[in-house]
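**Q** show me the folded form of this:
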Amino acid sequence: MAQGIASRYHLLLTGLSALLIATAAGSIAGIYLGSATAVLALIPGLLVLLPASIGMRGNISGVFASRLSSSMHLGEFEVSFTEGSVLGDNLRASLIISVLTAFFLGLAANVVGLVSGIEVIGALDLVLISLLSGMLSSIVILLFTILLSIASYRYGLDLDLIGAPAVTTAGDIVTIPVLVASAVLVMLLPPELRDLLALAAVASVAVTLVYTLRTSESVRRMVTERTVLLLPLSFLGIMAGATYEAGLEELVAFAAFLILIPPYMGGLGSIGGILASRLATGMHMGTIPPLLLPGRETAHHFIITYFYTLILLPLMAVIAHAAAVLLGLATPGLVAMVAISLLAGLLIVTLMNGMAYVTASLSFRFGLDPDNYGIPVITSLIDFIGAAVLVATIGILL
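**A** Numbering: from 1, shown residues only. Okay, here's the model as predicted:
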């Protein structure tokens, strides 16, 4: 009994430590975003692309880490990149998916912007920016995920608890500056050169599709299963970006909220990622039955998500407010920042708990791998619902 309590306490502190580090690191990305308001205003549509790009990097790497974690628990993991190995096949699938989703996000951002009446730059420019930034950031984040997985394997750490916070935060820190830098670089190029590079980018997508058709069945299956899920979910990230873009004037007026957004969405996504990973591992191991309604073991995981939320979200608000004051940016005040962050966050986490369990349970009952579905579904829904809830809460309380 005492051993079980000690084990749960250790797991709780491990997850909290990872989330605290992720919050601090995510705030760095937020400070960068808060200082890039001029770029967001000068390149129409960049903010539409931003949440989806961040979310997709986190989704791809999060699923990568979650699948590796499950393979460790099942005793199937080995440090090998050969064809047929868990690590090698998942890495190849993740790189292919990174190319395909980056191309799709550029097109989707342009379409959503035009349909919603939001000013956006041309489709080819958005595709080029999305592909360039997507591949650069994906390579860095996937490499980080591999190193984290190998370290977890060798030192006996639970990748379920540290994987989601670590890769989500890495996605924030890497994707935001890479996306902004890529956008500035692309828009400074002569129009003819931009068009030529965009065509080369489209050709690279075609080459990726041909490679996918010729690779192993295991990789093709992972690419198909995850891409079919990720492409529709990416629209949620684009819609989240459109929500922020539509409210850009208010966000710029109180730039503290721009500082808050990356750690806020990344932190909630990390909490959801931990929950999704634990549910998937529990179902694989038979400790969490995929019932219609969650049982006692699942309720325990729900309570932990609220515990993390009550600690992290006020901390994020304090950091965002303090950073805004130090940078001379506008803020609605510490009390308002904390109230908005906590109120919106508790509502989002409540919805997230239900969605995480339903996703894991249904996917497992239908013979699908919950590792492939949990993190992408949860983080994508958090991006969209979180944007809507946060913007609405700001409008109500200010």
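**Q** contacts, neighbours, all on C-alpha from now
**A** Noted.
**Q** quick one: the strands in the stretch 1-150 of the chain, in order.
**A** Secondary structure of the stretch 1-150 of the chain (DSSP state E, counting those that start in this stretch): no strands present.
**Q** I'd like the next helix or strand past the host helix or strand of Met316.
**A** According to DSSP states H and E, Met316 maps onto helix 296-327. Using DSSP H and E, the next helix or strand after helix 296-327 towards the C-terminus is helix 334-365.
**Q** that next one: what's the following helix or strand?
**A** helix 370-397.
**Q** buried stuff in that following helix?
**A** 370-391, 393-394 (16 or more other Cα atoms under 10 Å).
**Q** could you do stretch 273-290 as well?
**A** In stretch 273-290, counting by 16+ other Cα under 10 Å, buried: 273-284, 288-290.
**Q** farthest-separated two in these?
**A** Gly273 and Pro289 (19.1 Å; Cα to Cα).
**Q** state the pLDDT value of the residue lying closest to Ile382 once chain neighbours are set aside.
**A** Of all residues not flanking Ile382 in the chain, Gly269 sits nearest, at 6.6 Å (Cα to Cα, 6 or more residues apart in numbering). Model confidence at Gly269, given as pLDDT, is 80.
**Q** try Ala200
**A** Reported pLDDT for Ala200: 90.
**Q** for Phe64, same thing?
**A** 84.
**Q** tell me, how many residues neighbour it?
**A** 26 (other Cα atoms under 10 Å).
**Q** hang on, isn't it packed against Leu95?
**A** No: with contact defined as Cα atoms under 8 Å, Phe64 does not count as touching Leu95 (10.4 Å).
**Q** what's around Glu83, how many residues?
**A** For Glu83, using other Cα under 10 Å, the count is 15.
**Q** ok, it - contacts?
**A** Asp89, Ser216 (Cα atoms under 8 Å, 6 or more residues apart in numbering).
**Q** please redo it, this time with the cut-off set to 7 Å
**A** Residues near Glu83 by Cα atoms under 7 Å, 6 or more residues apart in numbering: Asp89.
**Q** and the pLDDT at it?
**A** pLDDT, read off for Glu83, is 83.
**Q** with Leu188 instead?
**A** 90.
**Q** Ala109 too?
**A** 89.
**Q** please name the residues that touch it.
**A** Val48, Leu49, Ile238.
**Q** Ile173 versus that one, what's the distance?
**A** 21 Å (Cα to Cα, to the nearest Å).
**Q** Glu78: how many residues sit nearby?
**A** 15.
**Q** got the phi/psi numbers for it?
**A** For Glu78, the backbone dihedrals are phi -150, psi 150 (criterion: degrees, to the nearest 10).
**Q** how far off centre is stretch 197-214?
**A** Here the centre of stretch 197-214 is set off from its chain's centre by 25 Å, with Cα atoms, centre = their mean, to the nearest Å.
**Q** also stretch 51-67?
**A** Per Cα atoms, centre = their mean, the centroid offset for stretch 51-67 relative to its chain is 5 Å.
**Q** ok, stretch 290-298 next?
**A** On Cα atoms, centre = their mean, the centre of stretch 290-298 falls 26 Å from the chain's centre.
**Q** which residues sit against that stretch?
**A** By Cα under 7 Å, 6+ apart, stretch 290-298 touches Met283, Ile288, Ser361, Phe364, Arg365.
**Q** count the neighbours of the last one for me.
**A** Using other Cα under 10 Å as the criterion, Arg365 is surrounded by 14 other residues.
**Q** the third one too?
**A** Per other Cα under 10 Å, the neighbour tally for Ser361 reads 24.
**Q** OK, contacts around it?
**A** With Cα under 7 Å, 6+ apart, Ser361 has these contacts: Pro290, Leu291.
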